[in-house]
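**Student:** Sequence and predicted structure, then a few things I'm wondering about:
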Amino acid sequence: MALLISSELKTSYGNALYNLSQALISIESSDANEASGSAYFNATYCYRALAIYGLLLNASASRYFVNLCKSGNLWHYFLRRVNQGHRSKPIYKCASLSLPFIDALVSGCMVTATKIASLSAREYNSTLEYEDDFLRYHFLQMFTLNLSTSANVDLGQILDRWEEVLAGGGRDLYFPVCRALYQNDSGYFFRSFPELLSHRAVEVDGWKEDFSFDPQVRIVESSIFMNGLAILRLAELLGMPTESEYEMIPSIARLPLGLTPPIEDSWKNPGE
């Protein structure tokens, strides 16, 4: 993977460290940002950013792994608090905002990914998210839950509802990929996954022309396709053959299962 070294990247790295420290202070002090839930979301996203910066600046798979684990562990902590009555803003309970679930899958921390899936919302919030966005993450979460536990969630029902929603005129290239996972059809997956990657590449090109786009989000999300990595993880768990690299999915970003994760509450200390 060609390393992206630029002043913008180094500045974004420093900003992520600072923003993470502020979010963790908010969580520890139980201030307004902690009460709203924004501190938890911001901290997990900073951990995702630092994970990817670790690859881009230093090709450090170890930092990448540890920071993705911390993102997942922190979000699991937040969802446990919500389940115990923490009154965060509804937006942070939306399944379609569960980016740390994706981080946990990519890291290979299947225990954490499964815990997040079990605590995530199972109905969409019609005022805060699109139903197709919700169904995308809900399917991946329930698929993970079925794979990793004795749960028997009806994934076909989720896909049927997703298809109904898309019948209204929308097009979602995640849908055929997820159907391929559901059917455990490697041929269908082999055909549909590259189409999703091509769509992502076009989307990313559009971000580069949009100067109002958050620079940190643009760098993070256009460098490594995290949703694609998470989907490849599930395909591998099914035993499907996959390529070692794809567009926006370099081989260094594909972590093996079985790595030893940091302790569960290590998210409290970015340097640990």
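**Tutor:** Received the coordinates, thanks.
**Student:** helix/strand/coil for T260?
**Tutor:** Secondary structure assignment for T260 (DSSP: H, G, I helix; E, B strand; the rest coil): coil.
**Student:** ok, now which ones touch it?
**Tutor:** Under the criterion of Cβ atoms under 8 Å, 6 or more residues apart in numbering, the contact list for T260 is empty. (C-beta placed from N, C-alpha, C; glycine too.)
**Student:** what's it sitting at in phi/psi?
**Tutor:** phi -80, psi 120 (degrees, to the nearest 10).
**Student:** Just the pLDDT for it.
**Tutor:** On pLDDT, T260 comes in at 96.
**Student:** three-state assignment of the most centrally placed residue in the chain?
**Tutor:** The structure's the chain has its C-alpha centroid closest to I102; by Cα atoms, centre = their mean the separation is 2.7 Å. The local conformation at I102, judged by three-state DSSP, is helix.
**Student:** Surely it and F225 touch.
**Tutor:** No: the criterion here is Cβ atoms under 8 Å, and I102 misses it with F225 at 10.3 Å.
**Student:** average pLDDT across the host helix or strand of R233?
**Tutor:** Per DSSP states H and E, R233 falls inside helix 226-237. In this model, helix 226-237 carries a mean pLDDT of 98.
**Student:** Give the other helices and strands that it contacts.
**Tutor:** Under the contact criterion of 3 or more Cβ pairs under 8 Å, 6 or more residues apart in numbering; DSSP states H and E, helix 226-237 touches helix 99-107, helix 131-148, helix 174-183, helix 186-208.
**Student:** Quick check: buried residues in it?
**Tutor:** By 16 or more other Cβ atoms under 10 Å, the buried positions in helix 226-237 come out as 226-235, 237.
**Student:** residues near Y137, how many?
**Tutor:** 25 (other Cβ atoms under 10 Å).
**Student:** let me fix that: E264
**Tutor:** Neighbours of E264 (other Cβ under 10 Å): 15.
**Student:** Now do the same contact list for it.
**Tutor:** Residues near E264 by Cβ under 8 Å, 6+ apart: N73.
**Student:** helix, strand or coil for it?
**Tutor:** The local conformation at E264, judged by three-state DSSP, is coil.
**Student:** re the thing from before, now tabulate the buried residues of helix 226-237 in a markdown table and tack on distance to A113.
**Tutor:** Formatted as a markdown table, these follow (distance: Cβ to Cβ, whole Å):
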| residue | distance to A113 |
| --- | --- |
| M226 | 13 |
| N227 | 13 |
| G228 | 16 |
| L229 | 12 |
| A230 | 9 |
| I231 | 13 |
| L232 | 14 |
| R233 | 9 |
| L234 | 10 |
| A235 | 15 |
| L237 | 11 |
